[in-house]
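> attaching a predicted model along with its sequence, questions to come.
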Amino acid sequence: MKSAQHASLISQFAEVVGADHVLTADEAISAHLADWRRRYRGAAICVVRPASTAEVAAVVRACAQVGVAMVPQGGNTSLCGAATPAPEGDAVLISLSRLRRVRAIDPANNTMTVEAGCVLQTLQEAAAQAGRLFPLSLAAEGSCQIGGNLSTNAGGVQVLRYGNTRELTLGLEVVLPSGEIWDGLRGLRKDNTGYDLKQLFIGAEGTLGIITAAVLKLFPLPRATATAWLAIASPTQAVRLLGDLQARFGALLTACELVSDLALGLVRKHFPGSQASFSA
C-alpha cells in the first residue's frame, strides 16, 4: 500500500513540476540525501524541484493530503544534518534550487525581493550592480541559498554591524503546511501593525512552513574598508580588544573574528603552501 501511495504522489508531482524535476534514481538523488560533511545520510521517496511558489504549494498540498513528511532543502551546505531526511525514507525532499529569480531591486527603498533558491553570492553581486550592499557573508556564500540562510537565521562575519539574517529581513512569502500561501512580502520599514509573523519562520528551519521569497534590506556600498590581522594571546584579551574597537569605531566596525591556533593548524595541514602568519 505504501509503495502504491508513493507512486501516486510521484505521479502527482510530475504533473505539477514536470517529470524531469521529480528525481527518484539513486544517482540523481544521492547528493541531496547527505549533509555537506557526509556525516549524516538519509533516504527519501523522491526529490521534487518546483520552480515557483504555486508549484511548491501544490507539492505541499499533495503531501499534506496523505500525511507524508516533507524536508525542504536549499543549498545543502548544513554542517549538522538539518536538511538531511531521516533514514526511513518516508519523506519527500523539496529542493528550492529552481526558485532563483531576483524579482525586484528598489534602490530608493534599499530593498531587494528575491526567491528562496537564489545563491547568496548572486544576491551580493546583484546588490553591488545596483550600487548597494547586501551584507550577509559567510564561507558557503558561493553555494548556500537565501532560503536556507533565512531558515537558519544565519549570522555570517558582519553580524556586529548588520545583525543576523533576521535583522536583514523586511518581509517573507511562505507556503504553510496546509499548502496555503502566506504573502508577507512587505518592504515597509516602519511597520508597527499587528503581529510580526515573519519572525515565526526565520530560524525555524522549515518546521512551520517553506520560505519561498523574501524582501531583504540593502545598504550603501562602503567607500573604503580596512582589515587588520592581529596575534592575540588569549580569548580574554580578544574580548578586551573588541570592546576597545567598538568604543573607538562604533557602527563602523563590521566584523571581528577570533581564529584559534588549532584552526590555523588545520589550514596549514590541508592547504599546501600556506604558511603561518606570525612567528612563534
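Sure thing, it's come through.

> what's the span of stretch 22-33, first residue to last?
Its first and final residues considered, stretch 22-33 spans 15 Å by Cα to Cα, to the nearest Å.

> over to stretch 186-202?
Across stretch 186-202, the straight-line distance between its terminal residues is 15 Å, by Cα to Cα.

> from the chain's centroid, how far away is that stretch?
In terms of Cα atoms, centre = their mean, to the nearest Å, the centre of stretch 186-202 is set 19 Å apart from its chain centre.

> same question, stretch 265-273
Average the C-alpha atoms of stretch 265-273, do the same for its chain, and the two points are 28 Å apart (Cα atoms, centre = their mean).

> can you list contacts of it?
The list of residues contacting stretch 265-273 from outside it, by Cβ atoms under 8 Å, 6 or more residues apart in numbering, reads 274-276. Yep, even glycine has a C-beta here, placed from its N, CA and C like the rest.

> okay, who's weakest in these by pLDDT?
In this model, the minimum pLDDT among the contacts of stretch 265-273 belongs to Ala276 (71).

> you'd agree that residue is up against Leu264?
Yes: with contact defined as Cβ atoms under 8 Å, Ala276 and Leu264 form a contacting pair (7.1 Å).

> higher neighbour count, those two?
With neighbours defined as other Cβ atoms under 10 Å, Ala276 and Leu264 compare such that Leu264 has more, 14 against 11.

> pLDDT averaged over the helix or strand hosting the more buried one - what is it?
Using DSSP states H and E, Leu264 sits within helix 261-270. Per-residue pLDDT values across helix 261-270 average out to 88.

> stretch 131-151 now?
96.

> just the endpoints, please. Distance across it?
For stretch 131-151, the first and last residues are 27 Å from each other (Cα to Cα).

> buried ones in it?
Along stretch 131-151, these residues count as buried under the neighbour rule (16 or more other Cβ atoms under 10 Å): 132-138, 140-141, 144-151.

> which of the residues you listed fall within strands?
The members of these that map onto strands under DSSP state E are 132-133.

> which ones among the buried residues of stretch 131-151 map onto helices?
Among the buried residues of stretch 131-151, DSSP state H puts 146-151 in helices.
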